[in-house]
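**Student:** Got a sequence here, can you build the structure:
(one chain, ligands or ions: 2)
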Amino acid sequence: MVLGHFCTGVAVVTGHDGKAPVGFACQSFAALSLDPPLVLFCPAKTSRTWAVLAESGRFAVNVLSEDQQDVSAVFGARGADKFASIDWTPAPSGSPLLTGALTWIDCALEAVHEAGDHYVVVGRVTALGEPSDARPLLFHRGRYTVTEPVTDDLAALMPWPRPDDWL
Ligand SMILES: Cc1cc2nc3c(=O)[nH]c(=O)nc-3n(C[C@H](O)[C@H](O)[C@H](O)COP(=O)(O)OP(=O)(O)OC[C@H]3O[C@@H](n4cnc5c(N)ncnc54)[C@H](O)[C@@H]3O)c2cc1C
Ligand SMILES: NC(=O)c1ccc[n+]([C@@H]2O[C@H](COP(=O)([O-])OP(=O)(O)OC[C@H]3O[C@@H](n4cnc5c(N)ncnc54)[C@H](O)[C@@H]3O)[C@@H](O)[C@H]2O)c1
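**Tutor:** Numbers count the residues shown, from 1 in each chain. Ligands and ions are numbered 1, 2, ... in the order given. Here you go, the predicted model:
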């Protein structure tokens, strides 16, 4: 209840075991390090998707756009074939890139840390998608939400990203 007040974006973390694609909805994604370029996410230890990613050593992070609530719902619930109604193409790693996502981050597994009933998974960025002007899907207090930017000129107020930043 309390932790739900922390608003996040929604990602779908995907992978492929050579036979079938896998993926799950994830709000515990974050940028971690610039040098080297690292990201993190936290899967439940019971996650069946995580079992596949751990074995393959590769995964992709799909950042969802505001019109992908249905995609989040599919990947946020247990399902026989989450990809049945989803269009995707392979990332350089072979992990699925979901059509309509804002952008993507392709990764190699770097480290896995124990953390209660979840793991903290660190990935090394191996390829990046193109930036997008579309709006992100947000998750707040157990519901999807959309907000407007406070100013169209927000970039002018930010000291980052710098032109040579990977993110
Ligand atoms: C917005 C949002 C954000 C989320 N963020 C996170 C996050 O950061 N981290 C996270 O871990 N989860 C997160 N979830 C939850 C996660 O997306 C779902 O639990 C998802 O279904 C997990 O997918 P999976 O492929 O790992 O497991 P699934 O195969 O979908 O199974 C889900 C759970 O059911 C169990 N299970 C599956 N099949 C059976 C069976 N036949 N019998 C008994 N048990 C079974 C699995 O062990 C697993 O624990 C989020 C969900 C939403 C909607
Ligand atoms: N990190 C996660 O594993 C995680 C995160 C968000 C949602 N979910 C799952 O998605 C569904 C809907 O979530 P909700 O936000 O309506 O539920 P909620 O209102 O019970 O959760 C509020 C917040 O608590 C955290 N949380 C919820 N379940 C968690 C879990 N199993 N492990 C770690 N943190 C968790 C998240 O930050 C979430 O936004 C639930 O089944 C929930 O378990 C899991």
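**Student:** For ligand 1, give me its nearest residue in this structure.
**Tutor:** The nearest approach of the chain to ligand 1 comes at residue 76, 2.7 Å away (Cβ to the nearest ligand atom). C-betas here are computed from N, CA, C, even on glycine.
**Student:** What's opposite residue 41 in the beta bridge?
**Tutor:** Beta bridges link residue 41 to residue 121, judged by DSSP bridges.
**Student:** quick one: contacts for it?
**Tutor:** By Cβ atoms under 8 Å, 6 or more residues apart in numbering, the residues touching residue 41 are 11, 13, 26, 28, 29, 30, 61, 121, 123.
**Student:** check these against ligand 1, which are close?
**Tutor:** With Cβ under 6 Å from any ligand atom as the criterion, the contacts of residue 41 include 26, 28 near ligand 1.
**Student:** Could you spell out the sheet neighbours of the longest strand seen in the chain, each with its direction?
**Tutor:** When the chain is parsed with DSSP state E, its longest strand is strand 103-115. Counting by DSSP bridges, the strands paired with strand 103-115 are strand 58-63 (antiparallel), strand 118-128 (antiparallel).
**Student:** so which of these gets nearest residue 42?
**Tutor:** strand 118-128 (4.5 Å; Cβ to Cβ).
**Student:** With distance to ligand 2, pLDDT and neighbour count added, can I get the contacts of residue 41 in JSON lines?
**Tutor:** Putting the contacts of residue 41 into JSON lines (distance: Cβ to the nearest ligand atom, whole Å; pLDDT from 0 to 100; neighbours: other Cβ atoms under 10 Å) gives the following:
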{"residue": "11", "distance to ligand 2": "11", "pLDDT": "98", "neighbour count": "30"}
{"residue": "13", "distance to ligand 2": "12", "pLDDT": "98", "neighbour count": "27"}
{"residue": "26", "distance to ligand 2": "7", "pLDDT": "98", "neighbour count": "25"}
{"residue": "28", "distance to ligand 2": "5", "pLDDT": "98", "neighbour count": "15"}
{"residue": "29", "distance to ligand 2": "10", "pLDDT": "98", "neighbour count": "22"}
{"residue": "30", "distance to ligand 2": "12", "pLDDT": "98", "neighbour count": "13"}
{"residue": "61", "distance to ligand 2": "15", "pLDDT": "98", "neighbour count": "24"}
{"residue": "121", "distance to ligand 2": "12", "pLDDT": "98", "neighbour count": "25"}
{"residue": "123", "distance to ligand 2": "17", "pLDDT": "98", "neighbour count": "26"}
